[in-house]
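J.: Got a sequence here, can you build the structure:
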Amino acid sequence: MASTLEHLAQLLNATLEAQHHRKAENALKEEAKKPKYSLSLLSIVSTGAQPLKTRLAAALAFKNFIRHNYVDEEGNYKLPLDEVQTIKQELVGLMISSPSTIQTQLGEAISIIADSDFWERWDTLIKDLVSRLSNTDYKVTNGVLEVAHSIFVRWRPLFQSNDLNREVLHVVDTFGEPFVQMLSIADQQIEANKDNEGALKGWLETMSLLTRLLYDLSCQDIPPVIETHLQPITVLLHKYITYTNPIFDGEEDEATPLETLKSDICDALQLFTNKYDDDFGQYVQEFTNNVWNVLSSVGPERRYDSLTSKALQFLTAVASVRRHAEIFNNEQILGTIVEKVILPNVALRESDIEMFEDEPIEFIRRDLEGSDTDSRRRAATDFLRKLLENFEVLVTQVVFRYINHYLTAGKADWKAKDTAVYLFLAIAAKGTVTAAHGVKTVNNYVNVVEFFEQNIAADLVSEATEPISKVDAIKYLYTFRSQLNKAQWSSAIQPLIQNLASTNYVVYTYAAIAVERVLFLADEQGQHLFPRGDIQPYAKDLLEHLFALIEKDTSAAKLQENEFLMRCIMRVLTVMKEGILECGAENVLNHLVSITNVIKENPSNPRFYYYHFEAIGALVRYCSNSPKLDMFPRLWTPFTAILNEDVSEFVPFVFQIFALLLELSPSNQVPGDFKVLIEAVLAPGPWETRGNVPPLSRFIAAIIPKAAEEIRAEKKLEPILAIFQRLLAGKKTDQNAFDILEAIVGTFPGDVLDEYFGTVVTLIFTKLQTSPTDSYKSRVARLYHLISARVGEGKMGADYFITHAEAVQQNVFTPFYLTVILPTTGQFARPVDRKLGVISYTKTLCESKAFAERYQKGWGFTCNNLLDLLKNPPRVAAGFGDEIVNEADVDDIGFGVGFTPLNTCKRGARDDFPEIVEVDKWVSLYMKEANQRHGGGVVKCVEQRLTPEAKAALAPYLA
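T.: Model (predicted):
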């Protein structure tokens, strides 16, 4: 056992080394298949003799293992029951005794376990936690409270439900009274240890955790135990929002436990103000005064950044409740707010300028509208905008006095001008400032174009402008991009592009951000503000310059640091479409392949590589069949290297692009090299990663029509159907299963599928009996219609389905057809599905022996449903898909867990009969020809089985 643990520890250490991490991670995947792997990791975490970095790596590996291997989609344990029980027994105590960095990882693991097990399969946990609370040892108590918070914090974003209410009630019944008592104990210990720095910090952290738990316990509804003790709880909150201690006076950069506690109190105050005004409203005035005093007393040091943000967020919450907002409805008070609170927190600080110069990418991410980062500027802006929402005229007048003052001062001091511009940005915008379109609605009492022309435009073009002033000018255009018309943008776009040539990192990056967003702008019809023709003259130079900026430093980490530059490249490519062939497409492909080869060694910025693969997807989508690019072999080498090295972050992107290449290829054959991938994707390994399932399914669906002969000859059909069966069984993968099955049914004739089709029907019917979703029924109906429509050369048709269904269970087809196929088809929304329904129904009426003889009423029902679909004949638009390509909202933590689709690789709706364009004319021709072929049989059925109204409706199609 000891040697196994030592080997595991060595692998964990190797994952921390850039040159060995990929090999070590693959080796760990093999270790993870061995029994009791999770317990081995916990043994390493608990071994004090191991270096902290090894223990932390083990805690991280344990968390990730639990995330993927604890339960399946149905909530059933994937681990042996004795291992599950041991994990639960050991984990809480281990977290309590671990250092804080390890506690964070183990806390997330507990939260994952709690998602599936708490509370009904882990109903002893709360009693266990309460029993471990200590009145004298803050380390133990803080560990317990960290565990509790990691579980209860899950409630914050959830909608109310009976199950959730029962869970909260279970917790409060056991934890409520000890929680209230611990508040008093922590208060007493803080008093007793006010001169003992170590103990004071520890007990302040206890009070901080208790405050977070107050939020957790109250986030859905106020529990009775808190409602009963609300008055003494508010007394404690008052005490600690104003608490000071000289022990903390020397710190400047890092928040002390005191600022953390006050920040947590502001969070709780915000919750109670927003949600429980009836109970809490009587305390709001006093807390507003307390928080105002806090804001007036803190300095510009970084130590106070989070506290300042949280305090301003509380004041924003107060201003959101109309009866409390009235305390701000006074010109003098508003002037004081601007002077004492807004201005100090929007003015540039030395630390901001240092970040601008030393950490430019971090400055940009914090500064961008819509960023998640809490900052003083953002919080002050939100507060000011909330006041503006309530008192637009008064706030505009008051703030403009300061804007004019700082504009005058700004003639000699660029920092003053920065403050003026920021104040204007804050009050000119109304409503939400979106990442997609910037400001959609502006303050009626300002003129954004005039302000730009008079005060900012010169900074955009002047060589002598301070870099931050130039960024302000670019940011102004970026923020108000939706407010400028085409003529105004036409004069601004060139100076904007010229700023990409700046030597300053923030300036050229902001220019790229603004250019990308302007190219994204489109009208209500989806037409770009700057279409391909407008940017074609400078697209080649623009792309070359953007690649040069990215490739200035070719180390893997630096190369992928700046996602904004790659996003701009992607946008140029999606706007240019096929036009990129005239603008150096070969060079673009060379750059993208080169970048792929570097970043695959150590993928570290998910946003960058998402946009990178979107850019490759754009080239494939618009240029894949150009002989200039020879796309298949150019992408084959780097992409197969990714697959061979198992660069898991990139694998889903690779298969999406490979699938797109196959779908767009005019050849009916698989490119030679691609055949080797068929074997690879049939192996179980790649399917174990959840994010691989959609792209792998799509790849198989794309390769089946082109490799039909090889699949039959090499007996690959059965393993492909085994994948279909596995995917059909999953809640989240049944749609992928149908993608594969439709490709099979659309490719192979019925006689080839005969031996398998009874099993396929059984699987589909079995799932139909277990409360199927509407989307499942929709895919079943679509599959039925595809089979029904493939009469003739496809050797299928309605009778083929009926024969196999009745072999599974006698008389099953009638209820299936009446309760699933007919009603579901009537609800089809997509034209391509409705078109398939029309073709299927038409061929059923004309070709099905079973409907002609056995299901005579069904023939009439089918005809009525066909006529309903033909009231608005479906028209399927030609082309691959939407012309506007929108990037996904990339969430860093989604990678490796979920699936991030590439929009440039988005597949258009599958049209199995593209040769049929005008379906109403096709129906008429087909029915008349079939009637002739069957010696008037169709007309005979019409006469015998339809109502007069239906006969009249069908008559034009037979005339």
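J.: For Thr441, what are phi and psi?
T.: phi -130, psi 140 (degrees, to the nearest 10).
J.: and what of Lys430?
T.: According to degrees, to the nearest 10, Lys430 has phi -120, psi 150.
J.: And the residue nearest to Asp216 when sequence neighbours are not counted, how close does it get to Ala114?
T.: Once flanking residues are discounted, Asp216 sits nearest to Phe152: 3.6 Å by CB to CB, 6 or more residues apart in numbering. C-beta: built from backbone N, CA, C; applies to glycine. Distance, Phe152 to Ala114, using CB to CB, to the nearest Å: 9 Å.
J.: now Ile580
T.: 50 Å.
J.: between those two, who's got more neighbours?
T.: Looking at Ile580 and Ala114 with other CB atoms under 10 Å, you find the greater number of neighbours at Ile580, namely 26 against 19.
J.: for the more buried one, helix, strand, or coil?
T.: Here Ile580 is helix, with the state taken from DSSP: H, G, I helix; E, B strand; the rest coil.
J.: Show the pLDDT at it.
T.: Ile580 is assigned 95 on the pLDDT scale.
J.: if I pick the residue nearest to it when sequence neighbours are not counted, what's in contact with it?
T.: Excluding the flanking residues, the one nearest Ile580 by CB to CB, 6+ apart is Leu573, at 5.8 Å. Residues near Leu573 by CB atoms under 8 Å, 6 or more residues apart in numbering: Leu543, Ile580, Val588, Ala615, Ala618, Leu619, Tyr622.
J.: So the third one is in contact with Leu546, correct?
T.: So that's Val588. No. Taking contacts as CB atoms under 8 Å, Val588 lies outside contact range of Leu546: 10.0 Å.
J.: which of these two has more neighbours?
T.: Comparing Val588 with Leu546 by neighbour count (other CB under 10 Å), the higher total belongs to Val588, at 27 against 24.
J.: Sketch out the helices for the stretch 201-350 of the chain, chain order is fine.
T.: Applying DSSP state H, counting those that start in this stretch to the stretch 201-350 of the chain gives helices spanning 224-228, 230-241, 257-275, 277-297, 305-320, 322-325, 331-337, 343-346, 350-358.
J.: Now for this protein, the helix or strand with the poorest mean pLDDT.
T.: Ranked by mean pLDDT, DSSP states H and E, the weakest helix or strand in the chain is strand 429-434, scoring a mean of 82.
J.: And that one, what does it pack against?
T.: Other helices and strands packing on strand 429-434, by 3 or more CB pairs under 8 Å, 6 or more residues apart in numbering; DSSP states H and E, are helix 376-390, strand 438-442.
J.: okay, and the common contacts of Val588 and Leu546?
T.: With CB under 8 Å, 6+ apart as the test, Val588 and Leu546 both reach Ile569.
J.: Please indicate which of the contacts of Leu573 are buried?
T.: For the contacts of Leu573, a burial check counting by 16 or more other CB atoms under 10 Å picks out Leu543, Ile580, Val588, Ala615, Ala618, Leu619, Tyr622.
J.: Out of those, which comes closest to Lys36?
T.: Taking CB to CB as the measure, Lys36 lies nearest Ala615 of the buried ones among the contacts of Leu573, at 44.5 Å.
J.: what about whichever strand or helix holds that closest one, distance to the chain center?
T.: With elements taken from DSSP states H and E, the one containing Ala615 is helix 606-623. The chain centre lies 17 Å from the centre of helix 606-623; the measure is CA atoms, centre = their mean, to the nearest Å.
J.: helices or strands up against the helix or strand following that helix?
T.: Next along the chain after helix 606-623, taking DSSP H and E as the criterion, comes helix 631-644. In terms of contacts (3+ CB pairs under 8 Å, 6+ apart), helix 631-644 is packed against helix 585-599, helix 606-623, helix 651-664.
J.: In a markdown table: those helices, plus distance to Leu763 and mean pLDDT.
T.: Output for the helices and strands packed on helix 631-644, formatted as a markdown table (distance: least, CB to CB, whole Å; pLDDT from 0 to 100):
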| stretch | distance to Leu763 | mean pLDDT |
| --- | --- | --- |
| helix 585-599 | 39 | 97 |
| helix 606-623 | 33 | 97 |
| helix 651-664 | 24 | 96 |
